[in-house]
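Sequence unavailable; structure follows:
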Ligand code: PRP
Ligand code: URA
């Protein structure tokens with residue numbers, strides 16, 4: 001299921017990030033703030049369990065998360081999206097997945113994967129600013145499911161309708177949260193209107 005997070009503060013930051021004159025430093029800061037603004041929505045229905053809590057005055061039943069949150073940034077651009085999530089969920093684990101799309105074929109190629117084995121007790125949020133053809137996100141989730149992950153959601157900044165369709169066809173059980181659903185993909189696989197190459201803009205390369 002696709003969730004487009006429609007919020008004035010996100011629109012403001014994303015408009016700034018899209019502009020080509022925005023510096024890398026300002027782009028990185030805007031992406032971080034958008035990730036912060038998205039976090040409560042991305043995590044809104046995570047299961048909780050009751051837990052007894054002592055206040056200075058009495059005992060009450062509070063709630064804690066049922067499963068530990070694991071953030072999975074897809075390198076490299078996912079790293080720029082990670083910080084804002086960690087700002088609000090500092091206790092999250094972080095699992096890195098290196099996936100690069102081939103510039104000619106656009107096929108996703110994995111170059112780094114260090115996956116733990118204990119996925120049963122984890123709530124997984126896969127992070128990548130861009131969902132273009134969907135190849136990178138689909139490959140990431142294929143690998144996580146193969147490793148045993150079950151409770152997975154995917155968060156991005158900008159999605160293309162083509163990528164959303166491909167993703168939902170492969171992983172209908174994984175919700176997608178995005179700050180924007182753009183118009184389409186260009187012939188060379190870039191999102192239109194998009195924001196250009198997210199990795200290059202984040203890291204000034
Ligand atoms: C970008 C982006 C996604 C991918 C999206 O990464 O960060 O991972 O493209 O495209 P897709 O949906 O068509 O797979 P890229 O491969 O350019 O690598 P980078 O993050 O190292 O720049
Ligand atoms: N990856 C990017 O960084 N930008 C796009 O528009 C598509 C893929």
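Done, it's in. On a predicted model such as this, the values are computed, not experimentally measured, just so you know. Ligands and ions are numbered 1, 2, ... in the order given.

Just the buried residues of stretch 196-205, please?
Buried residues in stretch 196-205, counted by 16 or more other C-beta atoms under 10 Å: 198-199, 201-202. C-beta here means a position set from N, CA and C on the backbone, and glycine is covered the same way.

what about the residue of the chain found nearest ligand 1, distance to ligand 2?
The nearest approach of the chain to ligand 1 comes at residue 199, 2.6 Å away (C-beta to the nearest ligand atom). The gap separating residue 199 from ligand 2 is 6 Å, by C-beta to the nearest ligand atom, to the nearest Å.

again with residue 82
Using C-beta to the nearest ligand atom, one gets 16 Å for the distance from residue 82 to ligand 2.

same question, residue 29
To ligand 2, residue 29 is 18 Å away according to C-beta to the nearest ligand atom.

ok but that residue is inside a helix, no?
Yes - using DSSP: H, G, I helix; E, B strand; the rest coil, the assignment for residue 29 is a helix.

picking that back up, now, which of the buried residues of stretch 196-205 lie within helices?
198-199, 201-202 (DSSP state H).

want to throw the residues you listed into TSV with distance to residue 140?
Below are these laid out as TSV (distance: C-beta to C-beta, whole Å):
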residue	distance to residue 140
198	15
199	15
201	21
202	18
